[in-house]
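Participant: Predicted model and sequence below, questions to follow.
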Amino acid sequence: MTSEFDTGVGELLRRAYDLNAAPTPGLMDRVRETLAGAGASRRRARLSRPVAVAAVGAALLFLSVAAYAAGRFLRAGELAELMDVPGMAELFEGQDVIELDQSVTVGEYTFSLRAVTRSEQDVYSSSSEDRGHFYAVVAVTRKDLEGLEEIPPREYSEISGDVTVTPLVKGCAPWHVNAVFNSNVLYKQYEGAAYIVADCDDFTCFADQGLYLGVCTGRYVSEDAFLFDETTGQITANPDYRGASAVFDLPLDPTLADSDAAQTLLERADSLYPDDGVVYEPMLDEPSWERSQRLFLWSMGQPVPGTERTMTPDENGQCVYETVYDGRTVSRTFTWREEAETGRLLILNEAEGEWSPVPFDDVVCVDVDAQPVWGIYLTVDEDLTFIAEIVTLPA
């Protein structure tokens with residue numbers, strides 16, 4: 001049952017910050033904690049509504065606008081309870097949790113880092129894998145959606161599906177060492193914010209080197225989203241990025257470092273981002289499904305032996321890929337051109353009727369839930385030799 005005190009606090013907060021919804025439990029708790037600092041004897045005194053409102057007004061002098069920006073969002077533990085994923089609530093109430101409550105507003109977006117933690121087990125699937133897990137909770141809002149109790153489905157999909165959350169390592173280029181291609185993500189919409197829970201390999205093995213959490217719009221970490229100082233190793237958000245990006249420092253215990261595990265992650269980064277001269281730059285104006293598909297097969301798929309073909313374009317800029325797989329004849333005609341402004345190679349995406357950058361993924365087979373099962377992955381070398389092969393995705 002809501003007390004008279006809570007009613008007064010909530011009303012004052014709504015007036016003070018022009019809220020369209022009730023303050024979150026986290027913010028109410030912060031006010032209570034501030035008022036409680038006067039000592040036990042004062043906490044025993046009964047407050048009438050006028051006195052309570054006056055006391056809350058005084059307490060709010062100690063709460064900055066930045067503190068409110070963080071307090072308006074759910075705590076990680078509260079979010080975990082709402083998501084109803086077995087083991088997640090206990091995970092974010094455990095002793096390894098670091099609650100940060102840091103918010104950054106960039107353009108139309110506000111990114112709020114709620115908490116990070118680590119675990120030896122995967123709470124999503126309860127599987128036992130030979131690796132640790134790192135979890136981060138980030139709340140995302142857009143200015144045009146502020147005050148809404150529920151985000152419209154289309155806008156929610158754009159926020160949650162097109163924001164990347166990943167650890168970044170001091171001293172390593174963010175577009176080379178990140179967790180985009182080996183992470184699982186859960187989403188939850190609650191009172192005008194999209195919450196993202198990212199699960200990836202345990203990057204705390206870099207604790208003695210320095211660890212950040214990077215957040216950016218777009219499906220991948222492009223070379224434009226963050227700035228990397230090769231001299232100091234520091235990573236910062238790029239204010240000139242066409243989207244929005246933010247970098248949060250993670251205060252980790254250096255004793256968590258593990259040089260062997262760190263070396264394994266670096267080797268994995270080398271395998272995912274080979275130095276083959278092909279640089280992928282995400283296009284922010286691509287349709288969201290096309291962005292989600294881009295490089296998905298390459299990053300997650302397994303090449304099928306015997307399906308690789310090398311092709312040379314004809315005078316019309318076309319090359320044909322043909323093979324037999326999964327009981328069917330697979331044939332795709334690829335048409336390419338060079339983008340005049342950047343010199344980037346583009347492939348005609350016939351399904352979308354638009355031009356897409358190389359490397360290029362073409363999903364051929366999907367399951368009953370419209371999830372990709374296998375498809376064609378296409379690359380090109382400096383001699384304009386095109387190489388395509390079938391890749392399959394894990395079930």
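Facilitator: Here it is on my side, so go on.
Participant: How many residues are close by the nearest residue to residue 333 once chain neighbours are set aside?
Facilitator: What sits nearest to residue 333 in space, not counting adjacent residues and going by Cβ to Cβ, 6 or more residues apart in numbering, is residue 320, at 5.1 Å. For the C-beta atoms, the positions are set from N, CA and C on the backbone; glycine is no exception. Residue 320: 14 surrounding residues under other Cβ atoms under 10 Å.
Participant: Report the secondary structure state of residue 320.
Facilitator: For residue 320, the assignment made with DSSP: H, G, I helix; E, B strand; the rest coil gives strand.
Participant: if I pick it, what's in contact with it?
Facilitator: Neighbour list for residue 320: 311, 331-334 [criterion: Cβ atoms under 8 Å, 6 or more residues apart in numbering].
Participant: a markdown table for these, including distance to residue 167 and secondary structure?
Facilitator: Below are the contacts of residue 320 laid out as a markdown table (distance: Cβ to Cβ, whole Å; DSSP: H, G, I helix; E, B strand; the rest coil):
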| residue | distance to residue 167 | secondary structure |
| --- | --- | --- |
| 311 | 38 | strand |
| 331 | 42 | strand |
| 332 | 37 | strand |
| 333 | 41 | strand |
| 334 | 36 | strand |
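Participant: hmm, which two among these are most spread apart?
Facilitator: Greatest spatial distance among the contacts of residue 320 (Cβ to Cβ): 311 and 331, at 12.2 Å.
Participant: Which one's more surrounded, the two?
Facilitator: Ranked by neighbour count (other Cβ under 10 Å), residue 311 and residue 331 place residue 311 first, with 18 against 10.
Participant: where do the contact lists of residue 311 and residue 331 overlap?
Facilitator: With Cβ under 8 Å, 6+ apart as the test, residue 311 and residue 331 both reach 320-321.
Participant: Show me where the stretch 151-300 of the chain has its helices.
Facilitator: 153-161, 259-272, 288-293, 296-300 (DSSP state H, counting those that start in this stretch).
Participant: which stretch in those has the least confidence?
Facilitator: If you rank the helices of the stretch 151-300 of the chain by mean pLDDT, helix 288-293 sits at the bottom with a mean of 41.
Participant: Can you pull out the low-pLDDT segments for the stretch 251-395 of the chain?
Facilitator: 272-300, 342, 351-352, 369-370, 395 (pLDDT under 70).
Participant: From residue 98, how far out is the residue nearest to residue 333?
Facilitator: The spacing between residue 320 and residue 98, counted by Cβ to Cβ, to the nearest Å, is 54 Å.
Participant: for residue 210, same thing?
Facilitator: To residue 98, residue 210 is 15 Å away according to Cβ to Cβ.
Participant: More neighbours: which of the two?
Facilitator: residue 210 (18 against 15).
Participant: Would you agree that one is in contact with residue 167?
Facilitator: No. Using Cβ atoms under 8 Å, residue 210 is not in contact with residue 167, being 10.9 Å away.
Participant: domains in the chain, as residue ranges please.
Facilitator: The chain resolves into domains spanning 4-69, 73-272, 288-392 when parsed by automatic domain parsing.
Participant: Which of those has the highest mean neighbour count?
Facilitator: Compared across the domains of the chain, domain 73-272 shows the largest average neighbour count, a mean of 18 (mean count of other Cβ atoms under 10 Å).
Participant: would you list every one of the strands in the stretch 151-300 of the chain?
Facilitator: Ranges of strands in the stretch 151-300 of the chain, per DSSP state E, counting those that start in this stretch, are 163-169, 184-190, 193-201, 211-217, 226-228, 235-237, 245-249.
Participant: what's residue 190 in contact with, if anything?
Facilitator: Residue 190 touches 74, 79, 82, counting by Cβ under 8 Å, 6+ apart.
Participant: Surely the first one is in contact with residue 115?
Facilitator: No. With contact defined as Cβ under 8 Å, residue 74 and residue 115 do not form a contacting pair (10.3 Å).
Participant: hang on, the earlier thing: in TSV: the contacts of residue 190, plus pLDDT and secondary structure.
Facilitator: Below are the contacts of residue 190 laid out as TSV (pLDDT from 0 to 100; DSSP: H, G, I helix; E, B strand; the rest coil):
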residue	pLDDT	secondary structure
74	86	coil
79	87	helix
82	84	helix
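Participant: What is the nearest of those to residue 197?
Facilitator: Nearest member of the contacts of residue 190 to residue 197, counting by Cβ to Cβ, is residue 79, at 7.4 Å.
Participant: Bridged to the nearest residue to the closest one once chain neighbours are set aside, which residues?
Facilitator: Of all residues not flanking residue 79 in the chain, residue 195 sits nearest, at 5.4 Å (Cβ to Cβ, 6+ apart). Bridge pairing for residue 195 (DSSP bridges) gives the partners residue 139, residue 188.
Participant: can you check residue 249 too?
Facilitator: The partner residues for residue 249, given DSSP bridges, come to residue 212.
Participant: Surely it touches residue 214?
Facilitator: No. Counting by Cβ under 8 Å, residue 249 does not reach residue 214; the two are 11.0 Å apart.
Participant: I'm done for today, thanks for sticking with me.
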